[in-house]
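Trainee: This is a predicted model, with the sequence first.
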Amino acid sequence: MSYFFVAMTIALTVYGQLVLKWQVGLRPYLVQAPYTVANIIRLLANLWVISAFAAAFGASLCWMAAISRLPISKAYPFMALNFVLVLLFATTIFHESLDIYKVAGTLVIVIGVVLLSCSPA
């Protein structure tokens, strides 16, 4: 059950990041004047943005459940998978560039996660 909570933390975090990117990208007025009160209110009233914030809150609850059952030194390396998943989804959904540096960096992250998760508690 501990790793289920870690997985839910990751899934909810990735969901939130992708939804925020999607919603901000749909609003060209944010590019011209991103920090006006009116733009912030419009964004905060958006149901997708609200769902992303709810996902962040849910991820926090799942994270608390995970670290109450696992040593944080064992659980935390898995948070690096957020980088991997966001990169993969960003390249497929938003058509962001994927170059050798991003691939190499992602491989380093994956290797690190594997090594850290295999270490004794």
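Mentor: Nice, I can see it.

Trainee: switch to C-alpha atoms for all contacts and neighbour counts from now on
Mentor: Will do.

Trainee: got a list of what the one residue sitting closest to the centre of the chain touches?
Mentor: In the chain, the residue lying closest to the centroid (CA atoms, centre = their mean) is Val14, at 3.1 Å. Taking CA atoms under 8 Å, 6 or more residues apart in numbering, we find Val14 in contact with Asn82, Leu85, Val86.

Trainee: distance of the first one from Tyr3?
Mentor: Between Asn82 and Tyr3 the computed distance is 15 Å (CA to CA, to the nearest Å).

Trainee: Does Tyr3 touch Ala66 like I think?
Mentor: Yes: Tyr3 lies in contact with Ala66 (CA atoms under 8 Å); the separation is 7.0 Å.

Trainee: The two - which one has more neighbours?
Mentor: For Tyr3 versus Ala66, neighbours defined as other CA atoms under 10 Å are more numerous around Ala66 (23 against 15).

Trainee: which SS class is that one?
Mentor: Classification of Ala66 by DSSP: H, G, I helix; E, B strand; the rest coil places it in helix.

Trainee: how near is Leu98 to Phe89?
Mentor: Relative to Phe89, and taking CA to CA, Leu98 is found at 11 Å.

Trainee: Same question for Leu18.
Mentor: Leu18 is 8 Å from Phe89, by CA to CA.

Trainee: now, which of the contacts of Val14 sits nearest Leu43?
Mentor: Val86 (21.4 Å; CA to CA).

Trainee: Below-threshold pLDDT in the protein: ranges please.
Mentor: Within the chain, the ranges that satisfy pLDDT under 70 run 29-34, 119-121.

Trainee: where exactly do the helices run in it?
Mentor: 2-25, 29-32, 37-44, 47-69, 72-75, 81-93, 100-118 (DSSP state H).

Trainee: Figure out how far the fifth one is from the centre of its chain.
Mentor: Here the centre of helix 72-75 is set off from its chain's centre by 18 Å, with CA atoms, centre = their mean, to the nearest Å.

Trainee: Nothing else from me, thank you.
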